[in-house]
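A.B. asks: Requesting a structural model of the entry that follows:
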Amino acid sequence: MNDLTTTHVGMDVHQDSIAIAALLPGRELPEQWQTPHTPQKVNRLIRRLKQLAPGELRCCYEAGSSGFVLQRQFIKAGVRCDVIAPSLIPRKPGDRIKTDMRDAAKLAGYLRGGNLTVVTPPTEADEAARDLCRARAAVQRDQLRQRHRVLKLLMRHGMIFRSGLNWTQTHLRWLRALRLDPITQMVLNDLLLSLDQHAARIAGFDDQITALAQDDLYQKSVGILRCFKGIDTLNAMIMLTEMHDVKRFGSPRQLMGYAGLITRLARRNGEVAWCMPATRICGGRWWRLPGITGTRRASDSRSVAAVQAPRRRQWRARTR
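C.D. replies: Below is the predicted model of the structure:
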């Protein structure tokens, strides 16, 4: 790319406004202005940039809550627009002044120098599937919080289930058979109703994700991933929607780094220690258990513990 004919544009994007810095060919100081963040104003901005640029036009902005809608609008208008990884933008240690215009000018300068890392954007179909899987995960987190509230409420009243594991069918029957004082019983009934609603929502999301996995876009990849122990349709869809394209990684090391499974070297007090990030891949806890799959019920925990015990002893002996 010839910088003598290319105009580099950096944009600091917010919900209501966009700060623009355009570096024209052969100039060191950018032209800066601000515009409202609406589809009509963005189209007007694109026309202004086309009139301003004498040759090729290249734009960029940081990845964030604004998503990829702005990039798609630029690409639809025939203008190249890249989304930049914020954590990989070069930063000077002493530079603490941060404004929208300064951020846009820095992006334009770094774009001209080739010092930015571009994020591979997902397609609209991939983004919709990812939103579906993340919505299910959000409901599952809410369900976990409600379960904690139920257990803490009963613990404050001295009622603890001691006949097995929590949240089995036996435990649920025990919960519904409890009779407390009227006000506490009303609170408990409300929490149990909320748990039933969360369970119904999760089941609905599971049905939608299973139906989506039958689409031609995911059917082959889901079938391949299901060949691995511990990975079923749901886990496969979560992995595919979060990565959205395995081919965008140049090597397995890059893929493992994206997933957080690459060990890093840390030096503390002159000693070298290998540290593993606490990232967990769905289904990863099942791979080391022979014959155990993600469909095992909680009532089978005795056999799971029997398998885990010798493995844990071997792991402690290796890492001691």
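A.B. asks: Hmm, residue 160 and residue 174 touching each other?
C.D. replies: No. Contact criterion CB atoms under 8 Å: residue 174 and residue 160 do not qualify, at 10.5 Å. For the C-beta atoms, the positions are set from N, CA and C on the backbone; glycine is no exception.
A.B. asks: Name the residue in those two with the higher neighbour count.
C.D. replies: residue 174 (17 against 9; other CB atoms under 10 Å).
A.B. asks: Give the closest residue to the more buried one in space, chain neighbours not counted.
C.D. replies: Leaving aside its sequence neighbours, residue 174 sits nearest to residue 161 (CB to CB, 6 or more residues apart in numbering; 5.7 Å).
A.B. asks: mind listing what that neighbour touches?
C.D. replies: Residues in contact with residue 161 (CB atoms under 8 Å, 6 or more residues apart in numbering) are 154, 171, 174-175.
A.B. asks: So which of the residues you listed sit within helices?
C.D. replies: 154, 171, 174-175 (DSSP state H).
A.B. asks: In this protein, where is pLDDT below threshold?
C.D. replies: Residues of the chain meeting the criterion pLDDT under 70: 1-3, 260-320.
A.B. asks: SS state for the residue nearest to the spatial centre of the chain?
C.D. replies: The residue lying closest to the centre of the chain (CA atoms, centre = their mean) is residue 242, at 6.4 Å. On the three-state scheme (DSSP: H, G, I helix; E, B strand; the rest coil), residue 242 is labelled helix.
A.B. asks: gap between it and residue 128?
C.D. replies: Per CB to CB, to the nearest Å, residue 242 is found 14 Å from residue 128.
A.B. asks: One more: residue 64?
C.D. replies: Here the criterion is CB to CB. By it, residue 64 lies 19 Å from residue 128.
A.B. asks: swap in residue 246?
C.D. replies: Separation of residue 246 from residue 128 (CB to CB): 19 Å.
A.B. asks: How about residue 256?
C.D. replies: Residue 256 sits at a distance of 27 Å from residue 128 (criterion: CB to CB).
A.B. asks: Residue 253 too?
C.D. replies: Here the criterion is CB to CB. By it, residue 253 lies 30 Å from residue 128.
A.B. asks: Then residue 164?
C.D. replies: According to CB to CB, residue 164 stands 40 Å off from residue 128.
A.B. asks: helix/strand/coil for the residue nearest to residue 174?
C.D. replies: Under three-state DSSP, residue 161 comes out as coil.
A.B. asks: i'd like the first residue to be 311 from this point on
C.D. replies: Got it, first residue is 311 now, which makes that one residue 471.
A.B. asks: ok, how many other residues are close to residue 550?
C.D. replies: Count around residue 550 with other CB under 10 Å applied: 21.
A.B. asks: didn't it look like it was pressed against residue 530?
C.D. replies: No. Assessed by CB under 8 Å, residue 550 is found out of contact with residue 530, at 10.5 Å.
A.B. asks: Mind picking the two most distant members of the contacts of residue 471?
C.D. replies: Maximum pairwise distance in these, criterion CB to CB, is 10.9 Å, between 464 and 481.
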